[in-house]
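K.L.:
compute the structure for the input listed below.
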Amino acid sequence: MEFTVEREDGVVLVVVKADRLDANNANTFKRAMEPVLADAREAILDLAAVRFMDSSGLGALLSCLRRLTAGGGSLKLCSLQKPVRSVMEMVRMHRVFDIYDTRSDALAASRAMTH
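P.N.:
As a prediction, the model looks like this:
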């Protein structure tokens, strides 16, 4: 599972490079995210490259969310493509996750929370 990690103003920004987050790579993603999120309070997942997500992918995102909220932090998602956003809305995950149209919107919201 390929992704890049940037840290900006105390926010961990993860840009997912895979075009799918599904049963084939969700566990790999979850394991790879553990050390990234270990010391994070605020994280943003940029999912612009992800064109397809199934329930395993949603489960991996929920795992990241639980890890952060357990420590009083938050997870924001941004740049969802239409098919991924549709899946989120269909299973009501848009009520669980903070979803932003752009990375800059998500960063601005994170900064507002940390300052």
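
K.L.:
how is the residue nearest the centre of the chain assigned, secondary-structure-wise?
P.N.:
In the chain, the C-alpha nearest the mean C-alpha coordinate belongs to Leu45, at 3.2 Å (CA atoms, centre = their mean). When classified by DSSP: H, G, I helix; E, B strand; the rest coil, Leu45 comes out as strand.

K.L.:
so what pLDDT did it get?
P.N.:
Per-residue pLDDT puts Leu45 at 98.

K.L.:
how much space between it and Met90?
P.N.:
In this view, Leu45 and Met90 are 19 Å apart by CB to CB, to the nearest Å. For the C-beta atoms, the positions are set from N, CA and C on the backbone; glycine is no exception.

K.L.:
identify all contacting residues around the lengthiest helix in the chain.
P.N.:
Secondary structure of the chain per DSSP state H: the longest helix is helix 55-70. Contacts with helix 55-70, where a contact means CB atoms under 8 Å, 6 or more residues apart in numbering, come from 20-23, 26-27, 29-30, 33-34, 37, 40-43, 45, 50, 74-75, 77, 87-88, 91, 93, 96-97.

K.L.:
any idea how far Ala109 is from Val90?
P.N.:
In this structure residue 90 is Met, not Val. Noted for Met90: a distance of 24 Å to Ala109, by CB to CB.

K.L.:
please say which of the two ends up with more neighbours.
P.N.:
When Met90 and Ala109 are compared on other CB atoms under 10 Å, the one with more neighbours turns out to be Ala109, at 17 against 9.

K.L.:
on the three-state scheme, that one is what?
P.N.:
helix.

K.L.:
quick check, it in contact with Ile99.
P.N.:
No - assessed by CB atoms under 8 Å, Ala109 is found out of contact with Ile99, at 10.5 Å.

K.L.:
could you pull out the strands for this structure?
P.N.:
3-8, 11-16, 20-21, 42-46, 52-53, 74-78, 98-100 (DSSP state E).

K.L.:
now the last one, how far from the chain's geometric center?
P.N.:
The offset between the C-alpha centroid of strand 98-100 and the centroid of the whole chain comes to 9 Å, using CA atoms, centre = their mean, to the nearest Å.
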